[in-house]
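Trainee: sequence and predicted structure below; questions after.
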Amino acid sequence: MDGIKYLISVSLLSVLCVSVAAQDSGYISVTISATETDRIIAGFTKNEGAFREALTNYVFNRSATVQTVGMGGQITGTYRRDSFMTFSSDGKRFEKVTFSPISTLTEIQVTPEDLEDLGGVNPFALEPNATSLYNFKLLGMEKIDELDLYVFDVTPKSIPDPKKSKQRLFTGRIWVDETDLMIVKSKGKAVPETKQNKFPIVETWRENIDGKYWFPAYSSANDTLAFESGFVVRIRMKVVYSNYKQATSDVKILDDK
């Protein structure tokens, strides 16, 4: 394996996570009509579009850590990147890196582009214009803390051909608040994968911001990636989002002097 580096694209969910067969099963089955199920799906996909639009008006901090883990559980390499996600003078999303030591990863590569999705550009958008790409299956309901949540399995209707398209889709599970029909938790991974590009299972929790929207608060992964060559690597990922604030019209980023 000397000289070969495997690229791992780490996404949240934008990020969303586990092999579907191994998902948690803490939900309770419920009987809901197809009409009502369709109403719930239409509601949370509409709200997901509104959430993504609202996020474009917020600045926030993001701290991302990706580590590889050895056979005995020891950390064999670390990638760290802390950023302030804000806007440039022309209004475009801008990542101002605040802390980024030299990576000690040797088995995989993580680039700033791989972390791009963690800045709010979530490729797994379950918005109205993307719902035709997916099958949604209502599994039941689960109570987490004080929230009553609908539990859905989400799977692509077809897997894109990675040789013809860069499109990535989500396969996994989402938890939707019964009251406001917003996604508050997700667990899944990206598809398709290739021989040298594997995706970890990522679990993301959201928190209520400004009493209205649920924004990502914490994402984590603890997964073993098996490449077709036989190379296997265990990774851990942790991403913390904090200090969400609505951006003002005079936000400008200047080059450090």
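Mentor: Yes, it's here.

Trainee: ok, now which ones touch the closest residue to F60 other than its chain neighbours?
Mentor: In this structure, F60 finds its nearest non-sequential neighbour in Y244, 4.6 Å apart by CB to CB, 6 or more residues apart in numbering. Glycine gets a C-beta too; all of them are placed from N, C-alpha and C. The contact partners of Y244, by CB atoms under 8 Å, 6 or more residues apart in numbering, come to Y58, V59, F60, I209, D210, F215.

Trainee: bridging residues for the fourth one?
Mentor: In this entry, I209 is beta-bridged to Y213, by DSSP bridges.

Trainee: strands along the stretch 151-257 of the chain, start to end?
Mentor: If you assign secondary structure with DSSP state E, counting those that start in this stretch, the strands in the stretch 151-257 of the chain sit at 169-177, 183-191, 197-198, 202-209, 213-226, 232-246.

Trainee: please name every helix or strand in contact with the fifth one.
Mentor: What that stands for is strand 213-226. Packing contacts for strand 213-226, counted by 3 or more CB pairs under 8 Å, 6 or more residues apart in numbering; DSSP states H and E, involve helix 34-55, strand 202-209, strand 232-246.

Trainee: what angle separates the last one from strand 202-209?
Mentor: Read that as strand 232-246. Calculated by axes from the mean of the first three to the mean of the last three CA atoms, to 10 degrees, strand 232-246 forms an angle of 10 degrees with strand 202-209.

Trainee: strand 232-246: partners in the sheet, and parallel or antiparallel?
Mentor: strand 58-69 (antiparallel), strand 213-226 (antiparallel).

Trainee: kind regards, and thank you for your time.
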